[in-house]
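[1] Kindly return the folded structure for what I paste below:
(chains A, B, C and D)
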There are 2 protein chains.
Amino acid sequence: MELAQLRVFETLADELHFARAADRLGLTQPAVSRQIAALEASLGGKLFDRAKRSQVTLTATGALFLPEARAILRQAERGEALAKRSARGEVGRLEIGYVASAAWGGVAASLVRRFLTRAPKVEVHLQELETPRQIEELAAGRLDLGIFRTRPAYPTALKVQPLQQDTLQIALPDTDPRAAQPELHAADLAGARFILPHFGEEAGFLARLQALGEAGGFAPEIQPPVRDFLTVLTSVAAGLGAGLVPESAGALHLQGVVLRRVADVALNSGLVLGARRADSSPLVRRFLQMAQERPKSGHG
Amino acid sequence: MELAQLRVFETLADELHFARAADRLGLTQPAVSRQIAALEASLGGKLFDRAKRSQVTLTATGALFLPEARAILRQAERGEALAKRSARGEVGRLEIGYVASAAWGGVAASLVRRFLTRAPKVEVHLQELETPRQIEELAAGRLDLGIFRTRPAYPTALKVQPLQQDTLQIALPDTDPRAAQPELHAADLAGARFILPHFGEEAGFLARLQALGEAGGFAPEIQPPVRDFLTVLTSVAAGLGAGLVPESAGALHLQGVVLRRVADVALNSGLVLGARRADSSPLVRRFLQMAQERPKSGHG
DNA sequence: CGGTTTAATACAAAAATGGTATTAAAATCG
DNA sequence: CGATTTTAATACCATTTTTGTATTAAACCG
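    Reported below is the predicted structural model:
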């Protein structure tokens, strides 16, 4: 017994006419005759009475089998559709990690929102984790995707793709004399007090600042960390010190604050989207592909 | 998507090893590889991860599809089994008519009982109807089988097969002088009074008796009809007259009664099993075949 | 690093499936 | 009632699909 035979059987049971059934199936009449004969042989009994040529009818066995055949076909169609949706990455479950800084800019939220628009049946679970933890969890298989900050290197088991190319910039009060310069050099920042955000165990900003100090030949003085970027910028505007913030923070346009690039030190700190290199999940593939289509999400 | 592919998929999902799955399926390993590849192509995504050669695993899609595939296969198996049982005549419904006289001897009951032993799932409905009515109902399709008395002819749409070859015989009190003869002739019965059974509208016995009278050149005198054969025979033993009873009534061995054949008049009155000639129902075929296997049922 | 295991691929043989043409049987029409 | 038409089955051939054997490529293991 094969599904193809059941499809022929169902159609013939509908039409009760070999030639018309063949037509509906895109076959010829003899093909239908043989498929039915084969099915009947495999079941060990006739399904149709064709003693009267002009009025094919279901036998008792055929009538009994018809709802069974329909059930099998419908079940098969449902299963096939489900598998296809799954293969297209439209159903399933995704564990996605994100760094807090990806949430501020709305990058994580807008990515997930875009994905769910296309694949509403996917169950997405979000977890806020710092970059190193995400890399661990990804490798362990407890995360499927991670939205985290660029690193100098990643485990070979992971692949990452750029999400947002953020440069860290220096935020200065517009009253600061250095604010007059179009761009700064590390050495210009000697003696400045720095206001840094601190989220969980994320130590990236601190590390960058220390690198900056080394390049400029000074030991940066650090204010107690604040909770978010708005506070960093407000503190800077209040003249409490300088800030180290992602370029995208400029979108806030806070009065009394200017952002300046550091010309001689690379302070790239983009967001990347990471996944297991060997991950064959269509959901992950689809998410990665979608993220690549429009590397910068709508939000500034 | 085809059932054969699902069978391969299920087995491979069990074994997670192409060669072993092939073995279980009675195929070779490349055949399994290709069947899976074909199924994956038709679904538009991978079902197995075989990056690591030594550990084939289900993908998320594969894991999702496995219960679906199992459901389809089980449904197909149930449907197939049901159709096969139906084709073998083991399920369904039979409308069977019988003449009252077939019930006395237990012919109808024993036939049905034998049939139900072999096909317990068949729903049998019995209806007591006289011969002409059964023939009507059979032709109309309201009966599937009929157990009735032989007729000189039947509609061509029907086929009948012998069930029990009953000759009608004459029952006489052993005190009757004719009881001394080993067999009678029609003429011997002139002047006898006859005791006949009368059931519903069955007029067969009366008609036979009249034929007998014609052959013997006398008008038979008829006693009021009685309800059953035992009463006929008891009346005969009491000397109330002669009886006309099926040969098989002799099995009752009633004291004081003898049964005698009528040599010169054919009084065959067998029971036959009738069905529509065109009936393709496996139940009917099976019943007819069973009845033929042992033409006389266990009962005398 | 070499041998072994395992899945995929290449190729030829076999099976099945489908199509065209024809036949047989029933239905329809004159 | 006979001729024509309709309809399903069959014969036959071409095509496609499936299988098996042999081989290859990759991963695993010592």
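[2] end to end, how far does stretch A:178-190 reach?
    Between the start and the finish of stretch A:178-190 there is a gap of 11 Å, counting by CA to CA, to the nearest Å.
[3] Please list the residues outside that stretch that contact it.
    Stretch A:178-190 is contacted from outside by A:170, A:172-173, A:212-213, A:215-218, A:220, A:242, A:258, A:260-265, using CB atoms under 8 Å, 6 or more residues apart in numbering or on different chains. In short, each C-beta sits where N, CA and C put it, glycine included.
[4] Please flag which of the residues you listed sit within helices.
    A:212-213, A:215-216 (DSSP state H).
[5] Tell me how far the residue of the stretch 201-300 of chain A found nearest DNA strand C lies from B:L58.
    Each residue of the stretch 201-300 of chain A has a distance to DNA strand C, by CB to the nearest atom of the strand, and the smallest belongs to A:S280, at 12.2 Å. Distance from A:S280 to B:L58, counting by CB to CB, to the nearest Å: 11 Å.
[6] So the helix or strand harbouring A:D23, near DNA strand D or not?
    Secondary structure assignment for A:D23, by DSSP states H and E: helix A:18-25. Yes - part of helix A:18-25 sits near DNA strand D under the criterion CB under 7 Å from any atom of the strand, namely A:18-19.
[7] Buried residues of that helix, list them for me.
    By neighbour count on 16 or more other CB atoms under 10 Å in any protein chain shown, the buried set for helix A:18-25 is A:18, A:21-22, A:25.
[8] nearest to DNA strand D, of the residues you listed?
    A:F18 (3.5 Å).
[9] wait, that closest one sits on A:S33?
    Yes - with the criterion set as CB atoms under 8 Å, A:F18 and A:S33 qualify as a contacting pair; they are 6.0 Å apart.
[10] Okay, helices next: where are they in the stretch 101-250 of chain A?
    For the stretch 101-250 of chain A, applying DSSP state H, counting those that start in this stretch gives helices covering A:107-118, A:131-140, A:204-216, A:229-237.
[11] Put together TSV for the ones you listed, with mean pLDDT and distance to DNA strand D on each row.
    Compiled in TSV, the helices of the stretch 101-250 of chain A are given as follows (pLDDT from 0 to 100; distance: least, CB to the nearest atom of the strand, whole Å):
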stretch	mean pLDDT	distance to DNA strand D
helix A:107-118	90	30
helix A:131-140	85	17
helix A:204-216	83	35
helix A:229-237	83	45
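[12] Dump those helices into JSON lines; add mean neighbour count as well.
    As requested, these are arranged in JSON lines below (neighbours: other CB atoms under 10 Å in any protein chain shown):
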{"stretch": "helix A:107-118", "mean neighbour count": "17"}
{"stretch": "helix A:131-140", "mean neighbour count": "19"}
{"stretch": "helix A:204-216", "mean neighbour count": "18"}
{"stretch": "helix A:229-237", "mean neighbour count": "20"}
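[13] Farthest pair within the ones in helices among the contacts of stretch A:178-190?
    A:G213 and A:A215 (7.3 Å; CB to CB).
[14] Next step: the contacts of stretch A:178-190 restricted to strands.
    Of those, the ones assigned to strands by DSSP state E are A:170, A:172-173, A:242, A:258, A:260.
[15] got a markdown table for these, with distance to B:A187 and neighbour count too?
    Shown next, in a markdown table, are these (distance: CB to CB, whole Å; neighbours: other CB atoms under 10 Å in any protein chain shown):
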| residue | distance to B:A187 | neighbour count |
| --- | --- | --- |
| A:I170 | 141 | 27 |
| A:L172 | 144 | 26 |
| A:P173 | 146 | 19 |
| A:A242 | 143 | 26 |
| A:V258 | 142 | 20 |
| A:R260 | 142 | 20 |
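[16] Stretch A:55-71 vs DNA strand C: in contact?
    Yes - in terms of CB under 7 Å from any atom of the strand, part of stretch A:55-71 sits within range of DNA strand C, namely A:Q55.
[17] and that stretch, average pLDDT?
    Here the mean pLDDT over stretch A:55-71 is 90, rounded to a whole number.
[18] who's in contact with the helix or strand of chain A with the lowest mean pLDDT?
    Within chain A, judged by mean pLDDT, DSSP states H and E, the helix or strand with the poorest mean is helix A:100-104; its value is a mean of 73. Helix A:100-104 is contacted from outside by A:108-109, A:128, A:130, A:147-149, A:163, A:197, A:199-200, A:202, A:228-229, A:246, A:271, using CB under 8 Å, 6+ apart.
[19] same check, this time on stretch A:40-54
    With CB under 8 Å, 6+ apart as the contact definition, stretch A:40-54 has outside contacts at A:1, A:5, A:9, A:12, A:16, A:36, A:39, A:56-59, A:61-62, A:65, B:80, B:83-84, B:86-88, B:278, B:280, B:282.
[20] Take stretch A:245-260, keep the C-alpha atoms, and write them as CSV.
    As requested, the backbone C-alpha atoms of stretch A:245-260 are provided in CSV (Å, rounded to 0.1, in the frame of the first residue of the first chain):
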residue,chain,number,x,y,z
VAL,A,245,29.7,55.3,25.2
PRO,A,246,28.7,53.6,21.9
GLU,A,247,28.5,55.9,19.0
SER,A,248,24.8,55.0,18.8
ALA,A,249,24.2,56.7,22.1
GLY,A,250,24.6,60.0,20.1
ALA,A,251,21.1,59.4,18.9
LEU,A,252,19.8,60.5,22.2
HIS,A,253,21.0,64.1,21.3
LEU,A,254,21.4,65.2,25.0
GLN,A,255,21.9,68.9,25.4
GLY,A,256,25.3,70.0,26.6
VAL,A,257,27.1,66.8,25.5
VAL,A,258,29.3,66.2,22.5
LEU,A,259,30.7,62.9,21.3
ARG,A,260,34.2,62.7,19.9
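[21] Pull out the buried residues from that stretch.
    Within stretch A:245-260, the residues that qualify as buried are A:245-250, A:254, A:257-260, counting by 16+ other CB under 10 Å.
[22] Quick one, which of these has the minimum pLDDT?
    When those are compared on pLDDT, A:S248 comes out least confident, at 69.
[23] what angle separates the helix ranked longest in chain A from helix B:60-87?
    Of all segments of type helix in chain A, defined using DSSP H, the longest is helix A:60-87. For helix A:60-87 and helix B:60-87, the angle between their directions (axes from the mean of the first three to the mean of the last three CA atoms, to 10 degrees) works out to 180 degrees.
[24] following helix A:60-87, which helix or strand shows up next?
    Scanning forward in sequence from helix A:60-87, with DSSP H and E defining helices and strands, the next element found is strand A:91-98.
[25] can you list the residues of chain A near chain B?
    With CB under 8 Å from any CB of the partner chain as the criterion, chain A meets chain B at residues A:1-4, A:42-47, A:49, A:51, A:59-61, A:64-65, A:68-69, A:71-72, A:75-76, A:78-80, A:82-84, A:86-88, A:91-92, A:278, A:280-283.
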